[in-house]
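In: with the input below, show me the fold.
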Amino acid sequence: MSFALEDSCASKAQNIQHQIDYSTQYGNIHRVTGLKKALSEVQTTAPTRNLQAERQKKIDEKQSKVAKRQQEIKQETQTDNLEKVAKKQNKLTTQAVS
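Out: Predicted structure coming up:
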């Protein structure tokens, strides 16, 4: 997902830069000013979007691990193996903290 965002932002920036070059070539100063502002905004928001995507990926991974641990605990509870249940609950607690 992060790669797609980087590619999208880079594509937008490249497109805007192309328009800036074209507008500069034909002397459209007002359009150049607006496009430079747009380019600046794309360049500032792109890293934020990438960071959000990376964080969401980490959250998803952690949630998946927690769901797996909960399923393991449920299975061990059904077998009445209290020692393993305690061990797996400890892992889940430790995982939630990190």
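
In: hey, let's count contacts and neighbours off CA atoms from now on
Out: Noted.

In: what residues sit buried inside the one helix or strand Gln17 maps to?
Out: Gln17 belongs to helix 2-25 when assigned by DSSP states H and E. By 16 or more other CA atoms under 10 Å, the buried positions in helix 2-25 come out as Cys9, Lys12, Ala13, Ile16, Gln17, Gln19, Ile20, Ser23.

In: ok, of those, which one's closest to Leu82?
Out: Ranked by distance to Leu82 (CA to CA), the buried residues of helix 2-25 are led by Cys9 at 52.1 Å.

In: over to Tyr26: give its phi and psi.
Out: phi -100, psi 10 (degrees, to the nearest 10).

In: what is the top helix by length along the chain packed up against?
Out: Criterion DSSP state H: the longest helix present in the chain is helix 29-78. Applying 3 or more CA pairs under 8 Å, 6 or more residues apart in numbering; DSSP states H and E, we find helix 29-78 packed against helix 2-25, helix 82-97.

In: no further questions, thank you.
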